[in-house]
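*Asks:* please work out how this folds:
(chains A and B, ligands or ions: 2)
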Amino acid sequence: MASAVEVFGLTREYIMGGEALTVLRGVDLTIPRGEIVCVMGPSGSGKSTLLNIVGGLDRPTSGSVVIEGEDLAGMDDERLATYRRRQVGFVFQSFNLIPTMTARRNVELPLVFAGASPEERAERAAAALASVGLAHRIDHRPTELSGGEQQRVAIARAVVNEPAIMLADEPTGNLDTRTGLEILELMREMNAAGRTLLITTHDRAIAESVADRIITIVDGSIENIEQGGTA
Amino acid sequence: MRFRDLAFLVVSNLRRMKLRLALTSLGVVIGTSAIVLMVSLGIGLQANLTAELGDLGAATHITVMGGGGMPGVEFTSLNDEIVDEIAAIEHVEAVLPSVPVYLDKIEYKKYVLYSMPYGVNMEDFAKFGYEIEEGRLPRNDSEILLGAMLPASFSVASEDGMMMGPGSTVPELDLLGRRLEVATSIYPTEQEIEADPNAQPRQNKQKFTVVGILAPSDMMTDQSAYISMDAALDMNDTDRRKVTYEQLIVKADSVDSVTDIEKTIMDRGLYAYSSQSMLESLKSVFLIIQGVLGALGGIAMLVAALGIANTMTMSIYERTREIGIMKAVGASNRQIKRVFLGEAAIIGVLGGIGGLLFSGAGAALANLFVKAMLASQATSTGVASSDTASFFQIPVWLAIFAIVFAAGIGLLSGVLPAVRAANLDPLTALRHE
Ligand SMILES: Nc1ncnc2c1ncn2[C@@H]1O[C@H](COP(=O)(O)OP(=O)(O)OP(=O)(O)O)[C@@H](O)[C@H]1O
Ligand SMILES: [Mg+2]
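*Replies:* Ligands and ions are numbered 1, 2, ... in the order given. Presented below is the predicted three-dimensional model:
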């Protein structure tokens, strides 16, 4: 089976005040399709940076990043946007819903930029919201929803365009343990539908409960790859 | 992204900043108003002036009168010598000298008329292209041609010779082929009074057959009657060796040569005017008014454009995180740019519509004011003003232009902020707040 993610020799440097700060130093990583991979590591080790590069929100300084057969290196802004639109669904720690839009509108947003017809958009958004158990909250704004509900809306938004991979940067970080587990359960369902998942977390128990593999990054390098509890 | 969705995003974004939107649009309202009023004044004046000045004569006609007569300047009267001189000026096509009859009255049955008949050379008259409504030009000394308004200008004379009051004006008479009696009163000259202090005015009377009635043209012509030059000189008892003319009408070969010809005539010490030269001198006045309005509009628009740019920059700053979210879910730079350009354009359009409404109301008000002024002037001078007088005119194309222009200003002001929004780094944008 082809790999969803193939990363070789990935480095990311920031130039700060004339000095180079190396955040990722030569990361090699291959993720087969359909796997759930959790990324762990101390704060500042480069977990989010890795996720953002895989998601096409950030660019590597060097190395190759091939996602679903597409090489992200050398893509211009326009093509990266297309890549994000087609292949990637993001879930953030702070939900990142647009506060003035209803749940439905938030979920429809990726389809709006993809140019879907209004009928198709409405149908798919309703289905996505139903699949996260929020069919009855479809016309509520984020401020009228709990944190867990907001994160469910975010998950619906992440899967509405049928992406190949879903990237979640500490999706349970702002939630209590119970709600966090519900969210992870939901993500596992999304994975069962065939999506590759890359999740960063600080919580070892969570990683072990959900991951096929757990990768530990320390100081920009992969230190350890182990099989998760589900493998 | 579909246009409908783009429109939805734009409108819902603008809904979140109603007050700011209103304030920002206000600048465009002012700018558009000034510019629309400027252009509409230009259009209105052009239309009205051309209509009103048409009353002074056709665009290619110049009216010449004797000149001088002021202290230190001898009066130059118009004689054949001067007629020949003017006829020789370049681009002059024809010259029409005219002699007014010393009119007492014109009578037809019980009706009287006090409009001056002029003696003209009918061959020259024909060159001026006055249209004849019915009939033809006079061919002998006992035929008369009437201006367009004369058949409707008769009054009823009462027994004692006094005119009856207002309302005595009779309806239009059918005069073609009828005979009118023209009576002149020739007052004694100074020499005659010296010889006989009791000298009385002499009366001449002659019957003329109406052979033609002119189509409406300018005010002068409409209210005049025309007979042959010989007939006029006879009725006035004029010595053929001392013929002078009251006025000449000069026909230029084109509108463009009118001003030059007029200048040449004025330089000769005569007085001349034409609808064309008046139009030109009035135009320069209105050009100044328009210039002031235009400058005002331009400055207002510039300020409005800065206002839009400022508003857009601020609202983009406040929505930085949203831009990051949109990029994360797949919005391209171009799509982001379109959303913000759309917002800026809508601010412009709203301002344009507001400006159009505002200037439309202003124009209507100004027109009312001008009309009222002209009406009061008309009652005080007794001269009827023409009823057009819409000095501000906003045709459909101007309305469309105004809105498109305002939208363009909005769009242009939005370019820089929108490009900045589009080029935001998605991660930086997501971290914003
Ligand atoms: N735009 C930037 N400019 C400079 N340094 C940056 C920038 N973005 C991230 N970094 C640095 O890169 C390093 C890795 O950051 P990253 O966010 O990937 O860490 P992380 O592993 O996700 O940490 P956390 O667990 O706290 O989320 C940090 O030291 C951070 O300061
Ligand atoms: Mg992080």
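*Asks:* what's around the residue of chain A found nearest chain B, how many residues?
*Replies:* Nearest residue of chain A to chain B, counting by CB to the nearest CB: residue A:85, 2.7 Å away. All C-beta spots, glycine's among them, are computed from the backbone N, C-alpha and C. For residue A:85, the count of nearby residues is 21 (other CB atoms under 10 Å in any protein chain shown).
*Asks:* who's in contact with it?
*Replies:* The contact partners of residue A:85, by CB atoms under 8 Å, 6 or more residues apart in numbering or on different chains, come to A:110, A:113, A:114, A:161, B:329, B:330, B:331.
*Asks:* ok, and the most crowded of those?
*Replies:* The most crowded member of the contacts of residue A:85, judged by other CB under 10 Å, is residue A:110 (31 neighbours).
*Asks:* so that one is in which element?
*Replies:* Assignment of secondary structure by DSSP states H and E places residue A:110 within helix A:103-114.
*Asks:* assumed the residue of chain A closest to chain B was part of a helix.
*Replies:* Yes: counting by DSSP: H, G, I helix; E, B strand; the rest coil, residue A:85 is part of a helix.
*Asks:* count residues in the vicinity of the residue of the stretch 101-250 of chain B found nearest ligand 1, would you?
*Replies:* Using CB to the nearest ligand atom, the closest approach of the stretch 101-250 of chain B to ligand 1 is made by residue B:218 at 81.4 Å. Residue B:218 is flanked by 20 other residues according to other CB under 10 Å.
*Asks:* need phi/psi at it.
*Replies:* Main-chain torsions, residue B:218, degrees, to the nearest 10: phi -100, psi 170.
*Asks:* and if you look at residue A:119?
*Replies:* phi -70, psi -50.
*Asks:* touching, residue B:406 and residue B:344? I think so.
*Replies:* No: contact criterion CB atoms under 8 Å: residue B:406 and residue B:344 do not qualify, at 11.1 Å.
*Asks:* need the residues of chain A near chain B, please.
*Replies:* A:52, A:55, A:57-58, A:77-78, A:81-82, A:84-86, A:88, A:90, A:92, A:96-98, A:100-101, A:109-110, A:112-115, A:117-118, A:157, A:161 (CB under 8 Å from any CB of the partner chain).
*Asks:* go again with 7 Å.
*Replies:* A:52, A:57-58, A:77-78, A:81, A:84-85, A:90, A:96, A:98, A:100, A:109-110, A:112-115, A:157 (CB under 7 Å from any CB of the partner chain).
*Asks:* up against ligand 1, what does chain A have?
*Replies:* Residues of chain A lying close to ligand 1 (CB under 6 Å from any ligand atom) are A:14, A:16, A:21, A:23, A:41, A:43, A:44, A:45, A:46, A:47, A:48, A:49.
*Asks:* ok, which pair from those residues is furthest apart?
*Replies:* Spanning the widest gap among those are A:16 and A:41, at 20.8 Å by CB to CB.
*Asks:* more neighbours: which of these two?
*Replies:* Per other CB under 10 Å, whichever of residue A:16 and residue A:41 has more neighbours is residue A:41, with 22 against 8.
*Asks:* ok, now which ones touch that one?
*Replies:* Shown in contact with residue A:41 (CB atoms under 7 Å, 6 or more residues apart in numbering or on different chains): A:47, A:216, A:217, A:218.
*Asks:* the same query, at a cut-off of 8 Å, please.
*Replies:* Residues near residue A:41 by CB under 8 Å, 6+ apart: A:47, A:216, A:217, A:218, A:223.
*Asks:* distance from stretch A:162-171 to the middle of the chain?
*Replies:* Put simply, stretch A:162-171 sits 3 Å off its chain's centre (CA atoms, centre = their mean, to the nearest Å).
*Asks:* repeat for stretch B:2-21
*Replies:* 45 Å.
*Asks:* and that stretch, what's buried?
*Replies:* Neighbour-count burial for stretch B:2-21 flags B:5, B:6, B:9, B:10, B:13, B:14, B:17, B:20, B:21 (criterion: 16 or more other CB atoms under 10 Å in any protein chain shown).
*Asks:* find the centremost residue of the chain, please.
*Replies:* With no chain named, the answer covers chain A. Nearest to the geometric centre of chain A sits residue A:167, at 1.2 Å (CA atoms, centre = their mean).
*Asks:* my bad, the chain I had in mind was chain B
*Replies:* residue B:49 (1.1 Å).
*Asks:* that one: what's it in contact with?
*Replies:* Per CB under 8 Å, 6+ apart, neighbours of residue B:49: B:279, B:282, B:283.
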